[in-house]
Every structure is written in structure tokens, then in C-alpha cells.
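>>> Any chance you can model this:
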Amino acid sequence: MTTATRARYALAALLGLWLSTAPGVSVAQIDVSITIAPPPLPVYEQPAIPEEGYIWTPGYWSYGPDGYFWVPGTWVEAPEVGLLWTPGYWGWGSGFFVWNAGYWGPHIGFYGGVNYGYGYFGHGYEGGYWRENHFFYNRAVNNINVTNIHNVYSRTVVNNVTINNVSYNGGRGGIAARPTSFERSAANESHRAPTSMQTQHRDAAGSNRALLASVNHGRPAIAATARPADFAGRGVVRASRSGAPVHPNELPKPNAFAAPRTGKPETDQAYRDQQTDLRGRQQRERDDLQQRQSEEHQHQAQDRANQARAAQVERQHQQQTQELQQRHVVEAQQLRQTQRPPAPAPRQGRGPDGPQNPRDGHAPH
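Numbering: from 1, shown residues only. Predicted coordinates for the structure are as follows:
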């Protein structure tokens with residue numbers, strides 16, 4: 001890290017410390033800013049919940065004097081009945097990647113549209129809800145031992161967010177999500193800072209060199225833990241793979257989605273044609289990029305002694321592939337938006353296995 005970068009990191013860290021202790025300042029604020037994009041989120045399994053009352057807090061990339069390091073996902077005891085965890089997220093603005101700290105609050109706020117998984121699919125929370133003094137867990141998205149924990153229900157979640165492992169909002173290749181009116185309201189509520197156990201968990205990750213992105217290359221050996229700061233217990237989970245595709249042929253096929261039925265045959269056919277044209281063009285762009293990258297590999301193979309250059313080429317390929325993938329996701333979302341029919345009026349009431357709409361983590365009154 002350069003001297004200038006270290007100085008900027010120190011200044012931003014001091015600013016974040018001052019803001020976190022200043023009266024009347026929200027805990028969801030600038031904590032550190034940097035010009036290098038955070039790595040993609042690694043792929044890992046969620047460890048089993050240790051006991052009732054714990055809520056899942058997803059893993060994330062934090063930043064220290066030696067660069068990005070992985071803070072493992074973990075189960076954390078809620079500091080108070082009724083509080084939910086809104087994860088932090090990296091956002092791009094004014095030429096920097098800025099960390100917006102997570103917080104506890106009565107409702108889930110905006111966390112950048114980042115798909116952290118296990119209930120945090122970009123907006124809201126599908127992993128459970130509070131009812132009276134108990135937290136009810138959705139075992140469809142959580143690893144719950146139903147022998148020991150009985151406050152459970154099962155609700156399949158239709159996840160419309162493309163799983164692309166992008167870990168930041170805005171900027172080149174970032175997620176193009178904006179807060180909803182509900183999330184903006186949640187941001188104005190009273191919040192609680194991360195618990196002391198969460199802080200200890202993050203600090204322990206920051207002192208473990210194996211969790212540096214420069215060491216684990218986006219695939220940390222400690223991707224998740226059953227309890228905070230317990231990096232050697234039975235509940236430690238390794239990342240199954242890095243979340244970053246390097247080449248276009250490693251990407252899943254472009255998503256197909258059902259065109260709405262308007263009742264007008266010509267309009268319905270036009271919608272289907274638009275989707276077919278989009279998928280065809282996106283596939284051609286993938287093929288073209290794959291061909292260019294393959295040619296670069298062939299040239300690189302003739303210069304085997306230059307390993308540093310080979311690593312640089314692979315990083316460039318990874319960035320090209322991620323930017324292409326994210327642009328295709330945005331294009332598909334934009335087309336889906338133009339073809340979306342008017343939404344029906346929301347339904348009220350409760351279902352037999354949990355709240356009718358548990359996205360904010362609370363049962364409706």
C-alpha cells in the first residue's frame with residue numbers, strides 16, 4: 001500500500017471513529033473510503049445456528065492497512081428483542097468506495113442491493129421475523145436444527161436478484177439498486193451500533209492474515225462461523241469457491257424470464273422477440289470477449305517467464321467478465337421493467353406458516 005493510500009485510510013478511519021461517537025449521528029455512515037473495488041463475495045455454506053435468539057449476519061469485505069480482508073459471516077445474539085440486522089455495504093461516490101456500516105434497528109434498511117444470501121437477497125430480510133418475544137426462523141433459507149429450535153416455519157423465497165456475487169453498489173460493475181421508500185424510512189429510525197461481540201469478531205478477522213484478499217485470493221478458509229470470533233470451533237466453514245468468474249465461459253447462461261400476458265397477441269409476441277434479441281446479443285458479446293481473452297492467453301503462453309504479467313492479464317480478464325455480467329444484468333432488469341404489468345393490490349393478513357409478507361422481519365399487526 002502506498003503512503004498516500006495509508007494516509008487516506010487513517011484519515012477516513014479517524015473520521016469514522018469521530019462520527020460513531022458524535023451525538024446524534026446515525027451509525028450507518030462513512031467508515032472508510034478507498035479507490036479500489038472490493039472483491040466479489042465468496043461462496044460458502046451457512047453453519048448451523050448455535051441456539052435460539054441468534055440472528056444471521058452475513059460476511060463482508062472490510063478494509064485495513066494491508067488491504068481488503070474477509071469478515072466471516074456469523075450468528076449473533078440480537079442485542080434486544082425486536083431488533084433486526086441491516087448489513088453494511090460498499091457504495092461508490094465522489095471517486096471513492098465508501099463503507100456504510102451495518103446497524104441494528106426495528107426494520108431492515110437499505111444495504112446496497114447486495115445479495116448476501118441466507119435471507120438477505122438485496123432488499124429486506126426473508127430469514128425470519130419477531131413475534132412477541134420470540135424470533136421465528138425460516139428454515140427454507142437458514143440452517144436450523146429443528147430438534148432444538150421450534151420457532152420455525154418454511155416459506156420458499158422466489159429470489160429475483162441475479163446471484164453474481166458483486167459486493168458493492170454503484171460505479172463500474174457495481175449493483176444498480178436504489179433504496180425503496182420503506183428503506184428510506186427505516187434509515188431515519190433509531191439504530192444500535194454493532195454489538196461488542198461483532199466488533200471483536202471484525203477485529204479478530206483484521207488480525208488474521210489468512211483472511212486478507214491478497215492472501216486467500218477471494219476464497220477465505222474461514223468464510224463463516226457459528227459464533228462470533230470463534231475461528232477454530234466446529235462451526236467454522238470454508239469458502240467453496242471464489243465468487244468471481246474469470247472468463248465469460250464460466251458465467252451461467254443469460255437469464256430467461258416469462259413475458260407478461262397482456263391479452264394482445266401482437267404485444268405478447270413483441271415482448272418475446274425483445275427477450276430473444278437481448279439474450280442473443282448478450283451471448284454474442286460473451287463469445288466475442290471469450291475469443292479475445294483466449295487470444296491473449298495464447299500470446300501470454302509464449303512468454304512463460306513473465307508470471308507477473310500473466311497474473312495481471314487474469315485480473316484484467318476477471319474485471320472485464322464482471323463488468324460484462326453486471327451490464328447484462330442491468331439490461332435484463334431494464335427490459336423486465338418495461339414489460340412489467342401493473343402490480344395487483346397488496347394482500348393483508350397472515351398465512352398458516354408465518355407472516356404474509358415477512359420481508360421486514362416482523363409479522364403484520
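>>> CA only for contacts and neighbour counts going forward, please
Will do.
>>> shaky segments in the chain?
By pLDDT under 70, the low-scoring segments of the chain are 1-33, 158-164, 241-246, 250, 252, 254-256, 301-308, 310-311, 315, 341-365.
>>> Just the buried positions in the helix ranked longest in it, please.
When the chain is parsed with DSSP state H, its longest helix is helix 265-301. Within helix 265-301, the residues scored as buried using 16 or more other CA atoms under 10 Å are 268, 271-272, 275, 278-279, 282-283, 286, 289-290, 293, 300.
>>> what angle separates the next helix or strand after it from helix 265-301?
Reading on from helix 265-301 to the C-terminus, the next helix or strand found by DSSP states H and E is helix 307-338. Counting by axes from the mean of the first three to the mean of the last three CA atoms, to 10 degrees, helix 307-338 lies at 180 degrees to helix 265-301.
>>> How far does helix 307-338 sit from its chain's centre?
17 Å (CA atoms, centre = their mean, to the nearest Å).
>>> Kindly report the same for stretch 149-157.
22 Å.
>>> what's in contact with that stretch?
51-52, 126, 134-141, 146, 353-354 (CA atoms under 8 Å, 6 or more residues apart in numbering).
>>> can you tell me which strand in the chain is longest?
strand 125-131 (DSSP state E).
>>> Name the strands paired with that one and say parallel or antiparallel.
strand 134-138 (antiparallel), strand 360-362 (parallel) (DSSP bridges).
>>> what's the next secondary structure element after the longest one?
Which is strand 134-138. Next helix or strand after strand 134-138 toward the C-terminus (DSSP H and E): strand 152-153.
>>> Kindly export stretch 270-287 (C-alpha atoms) in PDB.
Taking Å, rounded to 0.1, in the frame of the first residue of the first chain, the C-alpha atoms of stretch 270-287 are listed here in PDB:
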ATOM      1  CA  ALA A 270     -43.200  -8.400 -29.400                       C
ATOM      2  CA  TYR A 271     -42.200  -8.900 -25.800                       C
ATOM      3  CA  ARG A 272     -40.900 -12.400 -26.500                       C
ATOM      4  CA  ASP A 273     -39.000 -11.100 -29.500                       C
ATOM      5  CA  GLN A 274     -37.300  -8.400 -27.400                       C
ATOM      6  CA  GLN A 275     -36.200 -11.000 -24.900                       C
ATOM      7  CA  THR A 276     -34.900 -13.300 -27.600                       C
ATOM      8  CA  ASP A 277     -33.000 -10.500 -29.200                       C
ATOM      9  CA  LEU A 278     -31.500  -9.400 -25.900                       C
ATOM     10  CA  ARG A 279     -30.300 -13.000 -25.000                       C
ATOM     11  CA  GLY A 280     -28.900 -13.500 -28.400                       C
ATOM     12  CA  ARG A 281     -26.900 -10.200 -28.400                       C
ATOM     13  CA  GLN A 282     -25.600 -10.900 -24.900                       C
ATOM     14  CA  GLN A 283     -24.500 -14.300 -25.800                       C
ATOM     15  CA  ARG A 284     -22.600 -12.900 -28.900                       C
ATOM     16  CA  GLU A 285     -20.900 -10.300 -26.600                       C
ATOM     17  CA  ARG A 286     -19.800 -13.100 -24.300                       C
ATOM     18  CA  ASP A 287     -18.500 -15.200 -27.200                       C
END
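>>> thinking again about what came up before, now do the longest helix of the chain: which elements does it pack against?
helix 307-338 (3 or more CA pairs under 8 Å, 6 or more residues apart in numbering; DSSP states H and E).
>>> Would you mind pulling up the elements that the helix it packs on packs against?
helix 265-301.
>>> OK, contacts around the nearest residue to Q322 once chain neighbours are set aside?
Of all residues not flanking Q322 in the chain, G173 sits nearest, at 6.4 Å (CA to CA, 6 or more residues apart in numbering). Taking CA under 8 Å, 6+ apart, we find G173 in contact with 166, 322-324, 326-327.
>>> Go again with 10 Å.
For G173, the contacting residues are 37, 166-167, 319-327, 330, by CA atoms under 10 Å, 6 or more residues apart in numbering.
>>> next one: T262
Applying CA under 10 Å, 6+ apart, the residues near T262 are 268, 271, 339-341.
>>> can you do 7 Å?
Neighbour list for T262: D268 [criterion: CA atoms under 7 Å, 6 or more residues apart in numbering].
>>> What distance do you get for it to N143?
40 Å (CA to CA, to the nearest Å).
>>> same check, this time on A186
27 Å.
>>> ok, those two, which is more surrounded?
Taking other CA atoms under 10 Å, A186 and N143 do not tie; A186 has more neighbours (19 against 16).
>>> Done for today, thanks.
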